[in-house]
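Colleague: Sequence and predicted structure below; questions after.
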Amino acid sequence: MKRTNIISILGIFLVAMLIGCIKQEVVEKEIHRTTTIKEEKQIGGGSMKLTSDDFKEGEMIPRKFTCQGEDINPHLKWEDVPEGTKSFALIVDDPDAPMGTWVHWLVKDIPPEVREIPQNSVPGKQVINDFGKEDYGGPCPPSGVHRYFFKLYALDVEKLEAENKEDFYREVEKHAIAKAELMGRYQKS
């Protein structure tokens, strides 16, 4: 009888975890789908590009920008911004986290004239991340190599009405006119 109760409880727990993961995946897929559609219709043509002086696409992120280093944000810069951009928003996340995508940094209301984020600086207003803080939280994978996506969105609004992660993703989806992405990797040593 006790074993049956334990198995039932474990089954309920696993189903709840699966539902949570599926919900997060559906939200992320919808954001990707909507943003891709908007990118194809980008005002002014071209394609926004995001790069860093600290690492290149697909390379390992230097320790300095991780939980094992200074835990500060790396340098980022972008170009080919579409006409009509009224602000930018930045999402830094890890889709390889064991419990689903882990959000490391959310920054909104980045002014439209900004084209660069220096190391250890905040270009706009931060929103609480999955570490439970507003500040950048660097890569800190529990095991193996994880991918970290720095996603910059050009928006058609000056201010993004988002006070939490869910609002942030939803409002970015509604207002994105272009997206640029840079991916780096990290593994703890």
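Modeller: Perfect, thanks for sending it.

Colleague: Strands of the protein, start to end?
Modeller: 49-51, 76-79, 87-94, 102-110, 116-117, 125-127, 146-155, 176-186 (DSSP state E).

Colleague: May I see those strands organised as JSON lines, with mean neighbour count and distance to E161 added?
Modeller: C-beta here means a position set from N, CA and C on the backbone, and glycine is covered the same way. Listed next are these as JSON lines, based on neighbours: other CB atoms under 10 Å; distance: least, CB to CB, whole Å:
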{"stretch": "strand 49-51", "mean neighbour count": "16", "distance to E161": "24"}
{"stretch": "strand 76-79", "mean neighbour count": "18", "distance to E161": "23"}
{"stretch": "strand 87-94", "mean neighbour count": "24", "distance to E161": "11"}
{"stretch": "strand 102-110", "mean neighbour count": "23", "distance to E161": "9"}
{"stretch": "strand 116-117", "mean neighbour count": "18", "distance to E161": "22"}
{"stretch": "strand 125-127", "mean neighbour count": "18", "distance to E161": "11"}
{"stretch": "strand 146-155", "mean neighbour count": "23", "distance to E161": "11"}
{"stretch": "strand 176-186", "mean neighbour count": "21", "distance to E161": "14"}
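
Colleague: Could you tell me the end-to-end distance of stretch 136-147?
Modeller: End-to-end distance for stretch 136-147: 16 Å, by CA to CA, to the nearest Å.

Colleague: Can you give me the buried ones in it?
Modeller: For stretch 136-147, the neighbour count (16 or more other CB atoms under 10 Å) marks 136-141, 146-147 as buried.

Colleague: contacts for it?
Modeller: 61, 65-69, 71-73, 92, 94-98, 104-105, 129-131, 148, 183-188 (CB atoms under 8 Å, 6 or more residues apart in numbering).
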